[in-house]
Every structure is written in structure tokens, then in C-alpha cells.
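Engineer: sequence plus the predicted model coming up.
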Amino acid sequence: MRTYEEILTIAADRKGGRDSVLADMPKVLSADELAAIPDSRWLAQLARGIFQAGISWQVVENKWAGIEEAFYNFDVGRVAMMSEDWFDELLDDPRIVRSPPKVEAIQQNAAFIQEVAAEAGSFGRKIGDWPAEDFAGLLEWLKKNGSRLGGATGAYALRYLGKESYVLSPSVIARLEAEGVIDKEPTSKKAMAAVQDAFNTWKAESGESLTVISRVLAQSIDG
């Protein structure tokens with residue numbers, strides 16, 4: 001497995017220098033900053049990812065203001081207690097992506113966020129305190145306990161809100177394959193453990209966040 005510095009050099013050669021590779025990196029927030037994000041914003045971001053799955057992200061972006069209104073700005077308590085009448089009304093509401101399984105998943109995730117917040121103080125507190133060295137465990141936790149949060153949905157939501165993270169995009173997977181970490185898209189716990197071990201090694205070598213390492217890996221691959 002190449003070192004982080006070697007992979008960064010490959011990316012720099014492709015992108016016209018290290019400054020180009022490292023420019024515009026997503027911001028990583030502290031545990032306390034993540035804890036301060038309202039639960040409604042966590043629900044909103046998870047909902048955005050759920051709506052985006054399988055369709056054009058631009059469609060969801062164009063509808064987003066209306067989606068926020070339709071879900072009362074993702075008030076967690078209100079969405080968690082969604083009545084059958086409100087559910088039916090949403091499925092007739094042109095402001096949203098009218099998918100029964102997706103609307104149901106958003107209601108289920110509101111209940112999930114409520115439960116976590118009751119135990120941890122806030123959903124963001126739970127996310128913020130989860131160690132980056134076990135990010136694979138966080139993804140598995142979201143997938144197991146949330147609804148429709150597997151694949152890249154959970155990872156992208158965490159990245160967007162500032163959690164130190166990696167996203168297993170096709171380019172990142174290709175680099176991991178080139179380094180012999182995995183031989184195909186990781187779906188098993190064993191493969192995800194190998195991915196986490198590789199990222200932890202590069203993190204220890206470089207002192208960089210998982211977020212930066214993930215972006216460098218992505219830019220090291222032609223595409």
C-alpha cells in the first residue's frame with residue numbers, strides 16, 4: 001500500500017499541483033460544533049440524501065424549499081408522530097418527491113433521531129463523539145438503526161454537515177483497489193474493516209482528517 005504522501009503526489013501530478021488537490025476541502029467540525037447542530041438539520045440532511053437516491057440530485061435541489069415547507073422545516077417531533085392523514089397528504093403534495101417508501105423512511109428517521117437525542121442529549125452529540133477511527137462503525141450504525149441510510153446516503157449526509165468522514169465513491173474505491181486494500185466495492189464487515197484500517201494508517205502517517213484523505217484518494221484516479 002502506498003503512503004499518503006505517494007498518493008498525494010499522484011493526485012498532484014494529475015491536478016496540477018498539491019494546492020489544487022487540497023483546495024476547497026469540505027470543512028470538518030469539532031465534536032462540540034456537531035453537537036450544536038439542531039436535530040432538525042440532521043433530519044433534513046438525511047431526508048435530502050434519501051430523496052436524492054436514484055434520481056437527479058438537481059431535481060431535489062430545485063424542490064428543496066418546498067420540501068422544507070411540506071415537512072414543517074423537519075421538526076423532528078412532528079415528523080416522528082406523522083399521522084396517516086398527513087402521510088397521504090404528502091403523497092399528493094407536488095412540492096416533494098412523492099415516493100411512499102422515502103416519506104416513510106423520513107418519518108422513521110425522525111423517530112430514530114428522537115431516541116438518540118433522548119439518550120445522548122442531541123443527535124449531533126452522538127455523531128460528534130463517535131471516533132473517526134471507527135467511521136465504518138458509524139456507517140454501520142446508521143444503516144442498522146436508521147432507514148434507507150446505507151450505501152453512500154449516510155456518508156454524504158455526515159460529510160455535508162461536517163463530520164470527519166470518507167465517502168466510498170467509485171474513484172475512492174478504485175484507489176483502494178489499486179492499493180490492494182479491497183478487490184471490489186466493500187459490502188462486508190471484513191472489507192469495511194480493511195478500508196478503515198487503511199484510512200487509519202494514512203491518517204496516522206499524515207495527520208490529515210479522513211475527509212482530506214478521502215478527497216485526495218478520489219483525485220488520484222483518472223476519471
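Structural biologist: Structure received. Numbering: from 1, shown residues only.

Engineer: tell me which residues in the biggest helix by length in the chain are buried?
Structural biologist: For the chain, the helix with the greatest residue count under DSSP state H is helix 100-120. Within helix 100-120, the residues that count as buried by 16 or more other CB atoms under 10 Å are 102-103, 105-114, 116-117. (Glycine included, C-beta is placed from N, CA and C.)

Engineer: and what of stretch 195-215?
Structural biologist: 195-196, 198-200, 202-203, 206, 208-215.

Engineer: where does the prediction get shaky in this structure?
Structural biologist: By pLDDT under 70, the low-scoring segments of the chain are 223.

Engineer: would you map the helices across it?
Structural biologist: Under DSSP H, the chain gives helices at 4-15, 18-22, 31-35, 39-52, 57-70, 76-80, 84-91, 100-120, 123-129, 135-145, 153-161, 170-178, 189-206, 210-219.

Engineer: and the fourth one with helix 153-161, angle?
Structural biologist: Orientation check (axes from the mean of the first three to the mean of the last three CA atoms, to 10 degrees): helix 39-52 against helix 153-161 gives 130 degrees.

Engineer: residues in contact with helix 39-52?
Structural biologist: 60, 64, 67-68, 71, 73-76, 79, 96-97, 99, 102, 105-106, 109-110, 113-114, 117, 122-124, 127, 146-149, 153-154, 156-157, 160-161 (CB atoms under 8 Å, 6 or more residues apart in numbering).

Engineer: also the last one?
Structural biologist: Among residues not part of helix 210-219, those counted as contacts by CB under 8 Å, 6+ apart are 4, 7-8, 11, 14-15, 21-22, 25-26, 28, 132, 135, 159, 164-167, 169, 171-172, 175-176, 199, 202-203, 206, 208.

Engineer: wait, what's in contact with the nearest residue to residue 150 once chain neighbours are set aside?
Structural biologist: Distance criterion CB to CB, 6 or more residues apart in numbering; nearest residue to residue 150, sequence neighbours excluded, is residue 143 at 4.1 Å. If you count contacts by CB under 8 Å, 6+ apart, residue 143 has them with 149, 150, 154.

Engineer: go with 10 Å
Structural biologist: Applying CB atoms under 10 Å, 6 or more residues apart in numbering to residue 143 gives the contacts 149, 150, 151, 153, 154.

Engineer: of the contacts of helix 39-52, keep whichever come out buried.
Structural biologist: By 16+ other CB under 10 Å, these give 60, 64, 67-68, 71, 74, 76, 79, 96-97, 99, 102, 105-106, 109-110, 113-114, 117, 122-124, 127, 146-149, 153-154, 156-157, 161 as buried.

Engineer: let's have the contacts of residue 143 in TSV, adding distance to residue 36.
Structural biologist: Shown next, in TSV, are the contacts of residue 143 (distance: CB to CB, whole Å):
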residue	distance to residue 36
149	22
150	27
151	28
153	23
154	20
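
Engineer: for residue 189, state which of the residues you listed is nearest.
Structural biologist: Ranked by distance to residue 189 (CB to CB), those are led by residue 150 at 13.1 Å.

Engineer: if I look at that closest one, how far off is residue 109?
Structural biologist: Distance, residue 150 to residue 109, using CB to CB, to the nearest Å: 13 Å.

Engineer: intersection of neighbour lists for the two?
Structural biologist: In contact with both residue 150 and residue 109: residue 142, using CB under 10 Å, 6+ apart.
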